[in-house]
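# could you work out the structure for the sequence below:
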Amino acid sequence: MKLPAGPKTPTLLLKQQFQADPFGYMDAVYKRYGDIFTIMSDSAPIVPIVHVSNPSGIKQIFTNTKEIIARGALNSDFALVTGNQGVLQLDGFRHKHRRKLLMQAFHGERMQACGRRICELSEKIMSQKAIGKPFIAYPTIEDITLRVGIEVVMGLREGERYDKIKHLFASIIKYSQSPLYEILTQLPLGQRDLGQWSPKGYMLQLQRELFQLLYAEVEERREQADPSRTDILSDLIFAHDETGEPLSNEEVRDLLLSPIFAAQDASATALAWSLYWIHHLPGVRERLLEELDCLGEDPDPTRIVALPYLSAVCNEVLRIYPTQLFTFPRLVESPVNVMGYELSPGTVLLGNIYLTHQREDLYPEPKQFQPERFLEKQYSPYEFLPFGGGARTCIGGAFALFEMKLVLATILSRYQLGLVDKRPEKPKFGGLICYPASGVKMLVQSRRQHQGQSQPLVVGSI
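All right, here's what the predicted structure looks like:
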């Protein structure tokens with residue numbers, strides 16, 4: 001076997017370079033090694049990880065399910081927050097069956113029904129921002145997306161348990177993204193559970209508290225089963241596995257985790273980047289407002305999500321700074337040729353989403369934010385893949401776009417915002433996501449009236 005060339009820098013140093021400047025690091029590697037390269041894993045046994053950013057190579061990774069397998073065991077690092085029986089950890093027919101159960105809530109009439117609620121929550125949370133007082137967009141948007149996620153997945157809107165679950169989800173994400181946690185977990189004892197005062201121990205404590213609350217909710221809902229409810233938790237309670245048996249409470253609990261974390265973290269990150277780019281480039285904001293104002297006051301959500309320029313802006317946000325930098329890993333199970341390289345069993349393959357989205361042959365001037373490119377060209381799922389692809393495509397990808405459009409439309413059409421800091425926003429890698437390093441500091445300047453007029457408000461009047 002001859003692996004594609006790749007950096008010879010020690011793995012620990014490569015990891016530090018990546019975390020310090022993820023996009024700059026990947027740009028440099030691509031410039032030297034091209035659209036297929038190898039990086040050795042930093043854990044024993046050492047495994048070659050081959051990154052691919054060529055659309056034809058990515059197509060092969062997604063479609064060759066005989067020699068290249070999307071093993072759930074490759075995602076074991078995520079089990080801390082997604083449970084041992086979450087959809088990321090499953091394989092084969094069981095994985096396919098559970099994906100189908102989860103995805104039915106993210107399409108069709110159900111998704112449309114929650115559109116109004118997304119707009120209501122967006123308005124409710126934004127209305128709490130005082131005119132003229134700076135706020136950080138990322139945690140504000142995260143509050144919206146987490147509330148939406150818990151409602152869609154669990155059907156909870158209020159109450160003590162709802163408040164505790166919401167707090168724990170937010171705490172786990174915040175702690176996993178903290179610089180201190182990143183530093184401490186790289187130390188020799190950083191991955192050991194030494195009680196609540198150690199980074200791993202504290203994270204496990206948060207996990208246990210969250211799992212206990214979710215399990216209690218599953219248990220109660222099963223005892224008071226209501227077939228008229230339309231949330232994912234209800235679907236799972238009434239569902240049967242491949243043998244015809246009901247899913248266990250533990251499995252139902254674990255299956256709830258990934259959709260909520262994805263709704264909270266990835267969606268919030270994409271929306272924070274959206275607000276940055278839209279207000280960093282006034283021409284983009286003006287064109288969006290023209291499109292939104294054409295719908296009149298209080299438009300139906302289905303009309304909002306069909307707007308072409310709004311869709312193009314959301315796609316460009318997910319292209320230039322994708323929230324998911326890589327596809328979920330695949331394992332070579334029998335010898336296979338990928339882009340001219342004969343790869344042996346045990347090799348791990350990653351579709352490099354960021355580098356694919358930076359290809360100049362697909363996206364001229366890739367560092368420039370240009371939504372128009374998505375109005376001028378239709379991209380294949382191997383050229384534009386913000387939610388991964390194949391058997392491991394993000395189950396909530398369609399819903400994430402739906403939510404992005406409605407949250408943005410609500411905020412932009414009702415509020416005149418501005419960036420506090422005019423300097424370019426830098427990406428920061430934390431947990432699994434590249435989010436805006438400053439969180440995007442913004443200011444509510446006024447409340448907009450329909451047809452693009454704005455009316456200054458006094459603090460507290462909204």
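
# how many other residues sit next to Cys234?
Actually, residue 234 is Ser rather than Cys. Per other CB atoms under 10 Å, the neighbour tally for Ser234 reads 19. Placement of C-beta: from N, CA and C, glycine included.

# ranges for the strands of this protein?
Ranges of strands in the chain, per DSSP state E, are 36-40, 48-52, 68-69, 134-136, 330-332, 336-338, 341-343, 348-351, 415-419, 427-430, 433-436, 441-448, 454-455.

# just put those in a markdown table and tack on mean pLDDT.
What follows is these, written out as a markdown table (pLDDT from 0 to 100):
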| stretch | mean pLDDT |
| --- | --- |
| strand 36-40 | 95 |
| strand 48-52 | 96 |
| strand 68-69 | 94 |
| strand 134-136 | 96 |
| strand 330-332 | 96 |
| strand 336-338 | 95 |
| strand 341-343 | 95 |
| strand 348-351 | 96 |
| strand 415-419 | 96 |
| strand 427-430 | 82 |
| strand 433-436 | 87 |
| strand 441-448 | 94 |
| strand 454-455 | 42 |
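
# Gln196 is nearest to which of those strands?
With CB to CB as the measure, strand 427-430 is the member of the strands of the chain nearest Gln196 (21.3 Å).

# and for that closest one, what's in contact with it?
In this structure, residues lying in contact with strand 427-430 by CB atoms under 8 Å, 6 or more residues apart in numbering are 18-19, 22-23, 176-178, 182, 321, 434-437.

# so how far is it off the chain centroid?
Chain-centre distance of strand 427-430: 13 Å, with CA atoms, centre = their mean, to the nearest Å.

# now stretch 66-75
Distance, stretch centre to chain centre, for stretch 66-75: 21 Å (CA atoms, centre = their mean).

# which intervals of the stretch 101-250 of the chain have sub-threshold pLDDT?
For the stretch 101-250 of the chain, the stretches with pLDDT under 70 are 107-108, 179, 181-195.

# can you map out the helices along it?
108-113, 115-126, 137-154, 160-176, 179-184, 199-223, 232-238, 249-261 (DSSP state H, counting those that start in this stretch).

# which residues are contacting the first one?
Identification of contacts with helix 108-113 by CB under 8 Å, 6+ apart yields Gln104, Ala105, Thr230, Pro301, Thr302, Ala398, Phe399, Phe402.

# repeat that for 7 Å
Helix 108-113 is contacted by residues Thr230, Pro301, Thr302, Phe399, Phe402 when judged by CB atoms under 7 Å, 6 or more residues apart in numbering.

# for the third one, give me the pLDDT.
Per-residue confidence at Thr302 stands at 91 (pLDDT).

# and for the fourth one?
pLDDT recorded at Phe399 is 87.

# next, give me the two most distant ones among the contacts of helix 108-113.
Within the contacts of helix 108-113, Thr230 and Thr302 form the most distant pair, 17.7 Å apart (CB to CB).

# neighbour count winner among those two?
A direct count of neighbours by other CB under 10 Å for Thr230 and Thr302 places Thr230 higher, at 15 against 10.

# what is the neighbour count of the residue lying closest to the more buried one once chain neighbours are set aside?
Distances taken as CB to CB, 6 or more residues apart in numbering put Arg110 closest to Thr230, at 5.7 Å, once the chain neighbours are dropped. Here the number of neighbours of Arg110 (other CB under 10 Å) works out to 16.

# please report how far Arg110 lies from Lys2.
Distance of Arg110 to Lys2, given as CB to CB, to the nearest Å: 50 Å.

# ok, Tyr25 next?
With CB to CB as the criterion, Tyr25 and Lys2 are 25 Å apart.

# who's more crowded, these two?
Neighbour count, other CB under 10 Å: between Tyr25 and Lys2, Tyr25 has more, with 18 against 9.

# before we move on, back to that, want to throw the contacts of strand 427-430 into JSON lines with distance to Gly86 and neighbour count?
As requested, those are exported to JSON lines (distance: CB to CB, whole Å; neighbours: other CB atoms under 10 Å):
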{"residue": "Phe18", "distance to Gly86": "25", "neighbour count": "17"}
{"residue": "Gln19", "distance to Gly86": "25", "neighbour count": "16"}
{"residue": "Pro22", "distance to Gly86": "25", "neighbour count": "17"}
{"residue": "Phe23", "distance to Gly86": "29", "neighbour count": "19"}
{"residue": "Ser176", "distance to Gly86": "16", "neighbour count": "20"}
{"residue": "Gln177", "distance to Gly86": "20", "neighbour count": "17"}
{"residue": "Ser178", "distance to Gly86": "23", "neighbour count": "14"}
{"residue": "Glu182", "distance to Gly86": "23", "neighbour count": "16"}
{"residue": "Tyr321", "distance to Gly86": "26", "neighbour count": "25"}
{"residue": "Cys434", "distance to Gly86": "22", "neighbour count": "21"}
{"residue": "Tyr435", "distance to Gly86": "22", "neighbour count": "26"}
{"residue": "Pro436", "distance to Gly86": "27", "neighbour count": "20"}
{"residue": "Ala437", "distance to Gly86": "29", "neighbour count": "13"}
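
# could the residues you listed go into JSON lines alongside distance to Ser234?
JSON lines is the format used below for the contacts of strand 427-430 (distance: CB to CB, whole Å):
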{"residue": "Phe18", "distance to Ser234": "41"}
{"residue": "Gln19", "distance to Ser234": "40"}
{"residue": "Pro22", "distance to Ser234": "39"}
{"residue": "Phe23", "distance to Ser234": "41"}
{"residue": "Ser176", "distance to Ser234": "29"}
{"residue": "Gln177", "distance to Ser234": "31"}
{"residue": "Ser178", "distance to Ser234": "35"}
{"residue": "Glu182", "distance to Ser234": "38"}
{"residue": "Tyr321", "distance to Ser234": "35"}
{"residue": "Cys434", "distance to Ser234": "34"}
{"residue": "Tyr435", "distance to Ser234": "32"}
{"residue": "Pro436", "distance to Ser234": "36"}
{"residue": "Ala437", "distance to Ser234": "39"}
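
# any chance of the strands of the chain in JSON lines, plus distance to Phe384?
Shown next, in JSON lines, are the strands of the chain (distance: least, CB to CB, whole Å):
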{"stretch": "strand 36-40", "distance to Phe384": "19"}
{"stretch": "strand 48-52", "distance to Phe384": "15"}
{"stretch": "strand 68-69", "distance to Phe384": "21"}
{"stretch": "strand 134-136", "distance to Phe384": "29"}
{"stretch": "strand 330-332", "distance to Phe384": "19"}
{"stretch": "strand 336-338", "distance to Phe384": "21"}
{"stretch": "strand 341-343", "distance to Phe384": "25"}
{"stretch": "strand 348-351", "distance to Phe384": "12"}
{"stretch": "strand 415-419", "distance to Phe384": "27"}
{"stretch": "strand 427-430", "distance to Phe384": "19"}
{"stretch": "strand 433-436", "distance to Phe384": "17"}
{"stretch": "strand 441-448", "distance to Phe384": "28"}
{"stretch": "strand 454-455", "distance to Phe384": "35"}
